[in-house]
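K.L.:
Let me see the structure of the following:
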Amino acid sequence: KVEISLENIRRNYERDSDEKHISDLVQTILSYSADIPNWENSKNNVYIQLFPNDFDFKDLIYEKVTDEFSKIYAVSEKEKLTWISTDILMKWNISEQDLIKQADLNANELLSKTKIDFEIIEDRKLGMIEVEKTFLKSSLLFASKMKEKLKSEIGFPFYAVIPVRDFCYIFSEKDFEFFANRIGKTVVQEYQNSGYPITTEILFFSEDGMTAVGKYPTEK
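P.N.:
Coordinates of the predicted model:
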């Protein structure tokens, strides 16, 4: 079965006043098929998606990232996302590690073609990922080659916020205090007004992986 959240669509429409959110929903319903494409036809379209931990993961393949959110895996085809479950892995006859490896391979390939724009604020750089499939903005932060992508611009380690799946900010370790004190309002507004919230945490990406180092409060 396909599960649709009309509340998510409503919130995104109210935020953007963009009827494309509604047409995309209709297209998703019309294109939905219970038939699962085979691995060879699917593997180049496998990406991670991020969901808050109150999401019902059921039998989906998922990995907890912080206390706030987890990674799941999906096949992205046209306007449709198919969540990958343990049953699908069995039908594909692949391991979870095969899936994880392929998702990173795809993310790195997409990242190589993706532009990261930098806004200069008082001689400091605030980065934003520009990708056609906007629902992959937050996912690309976890691509293993993101370190190489950012090193010449802002260095490594770096910080990021991903309040929703189609919005993120990236900034350097040395600019932590400057940006952390300025972006909180925007992060909370995005989180509260989107149909696809993830977290208001500030995330630190380093050689040791990713850790949450703080969180903007959402209660007034």
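
K.L.:
For the rest of this, base every contact and every neighbour count on C-alpha atoms.
P.N.:
Will do.

K.L.:
doesn't F51 make contact with A74?
P.N.:
No - between A74 and F51 there is no contact under Cα atoms under 8 Å: 11.9 Å.

K.L.:
pull the helix or strand with minimum mean pLDDT from the protein.
P.N.:
When each helix and strand of the chain is scored by mean pLDDT, DSSP states H and E, helix 20-31 comes last, with a mean of 46.

K.L.:
can you give me how far the helix or strand I202 falls within is from the chain middle?
P.N.:
In the assignment (DSSP states H and E), I202 maps to strand 201-206. Here strand 201-206 is found 14 Å from its chain centre; the criterion is Cα atoms, centre = their mean, to the nearest Å.

K.L.:
from here on, count from 14
P.N.:
Understood, numbering begins at 14; the last thing we discussed is strand 214-219.

K.L.:
residues in contact with that strand?
P.N.:
Identification of contacts with strand 214-219 by Cα atoms under 8 Å, 6 or more residues apart in numbering yields 81, 169-176, 193, 223-229.

K.L.:
Can you turn the buried part of the residues you listed into a PyMOL selection?
P.N.:
Selection of buried members from the contacts of strand 214-219 for PyMOL, criterion 16 or more other Cα atoms under 10 Å:
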select buried, resi 81+169+170+171+172+173+174+175+176+193+223+225+229
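
K.L.:
For the protein, which segments count as helices?
P.N.:
19-29, 33-44, 52-55, 99-105, 109-125, 150-153, 159-167, 189-193, 197-206 (DSSP state H).

K.L.:
any low-confidence regions in this structure?
P.N.:
14-49, 92, 233 (pLDDT under 70).

K.L.:
Apply 50 and report the result again.
P.N.:
Scanning the chain for pLDDT under 50 picks out 14-19, 22, 33-36, 38-46.

K.L.:
longest strand anywhere in it?
P.N.:
In terms of residue count, the longest strand belonging to the chain (DSSP state E) is strand 82-90.

K.L.:
Sheet-wise, list the partners of that strand with their directions.
P.N.:
strand 59-65 (antiparallel), strand 75-77 (antiparallel), strand 93-96 (antiparallel) (DSSP bridges).

K.L.:
Out of those, the one nearest D111 is which?
P.N.:
Closest to D111 of the strands paired with strand 82-90, according to Cα to Cα: strand 59-65, at 11.1 Å.

K.L.:
ranking the helices of the chain by burial, who's on top?
P.N.:
helix 150-153 (a mean of 23; mean count of other Cα atoms under 10 Å).

K.L.:
what packs against it?
P.N.:
strand 59-65, helix 109-125, strand 180-185 (3 or more Cα pairs under 8 Å, 6 or more residues apart in numbering; DSSP states H and E).

K.L.:
Let's see that with 7 Å instead.
P.N.:
With contacts defined as 3 or more Cα pairs under 7 Å, 6 or more residues apart in numbering; DSSP states H and E, the packing partners of helix 150-153 are strand 59-65, strand 180-185.

K.L.:
Touching, P210 and Y204? I think so.
P.N.:
Yes - the pair P210 / Y204 is scored as a contact, 5.1 Å apart, by Cα atoms under 7 Å.
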